[in-house]
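Q: how would this look folded up:
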Amino acid sequence: MKQSLIACLFLAACSASPAVPEAVPETGASASADGLTVANDDLSLKNRGHYELWENIGDDGRMCDLELTGTRTIGGYVVEATPDCLAGIRLEGLSTWFVSEADGYLVMTDAARQPLIRLRPDSNGVYFGNNEFYAVRQN
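A: Predicted structure coming up:
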């Protein structure tokens with residue numbers, strides 16, 4: 001009896017579908033409602049738009065078009081880009097962005113919320129990061 005109860009509990013736990021985070025539209029969402037505490041919403045939303053992300057390796061640097069959206073998700077806002085483009089600049093898995101409240105840097109992370117790139121803000125919508133990448137706002 002005890003073994004079948006344990007087996008039933010185990011099967012019930014295994015068959016439960018995992019929680020999958022859903023993107024939250026930018027309107028009406030609050031930072032406390034979705035757990036987004038590292039991003040400065042006002043600053044982040046001012047920086048959404050179309051960017052060219054360039055490898056900073058001279059004439060051979062490749063570029064990837066990114067759309068930094070205002071659609072919230074766990075860890076920030078959704079980044080839209082083609083997987084092939086991201087793979088071409090060694091940023092496979094890039095999925096999220098936010099502007100750090102601590103230093104104003106543009107931070108791009110993977111789905112596990114691990115930072116892949118941090119870009120320092122400069123003038124005219126340009127961000128620079130550790131001599132590896134830079135991003136130029138297009139709109």
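Q: What's opposite the residue nearest the centre of the chain in the beta bridge?
A: When Cα atoms, centre = their mean is applied to the chain, the residue found nearest the centroid is T96 (0.8 Å). Residues in a beta bridge with T96, per DSSP bridges, are V78, T109.
Q: show me the contacts for it.
A: The contact partners of T96, taken as Cβ atoms under 8 Å, 6 or more residues apart in numbering, are 73-79, 108-111, 113. Using the backbone N, CA and C atoms, a C-beta is placed for each residue, glycine as well.
Q: List buried members of those by neighbour count.
A: 73, 75-79, 108-109 (16 or more other Cβ atoms under 10 Å).
Q: got a list of what G88 touches?
A: Contacts for G88 (Cβ under 8 Å, 6+ apart) come out as 62, 64.
Q: hmm, back to that, what would the contacts of T96 look like in TSV with pLDDT and distance to S100?
A: As requested, these are exported to TSV (pLDDT from 0 to 100; distance: Cβ to Cβ, whole Å):
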residue	pLDDT	distance to S100
T73	91	17
I74	88	16
G75	87	12
G76	91	10
Y77	94	13
V78	96	17
V79	96	15
M108	94	11
T109	94	11
D110	93	16
A111	91	19
R113	91	13
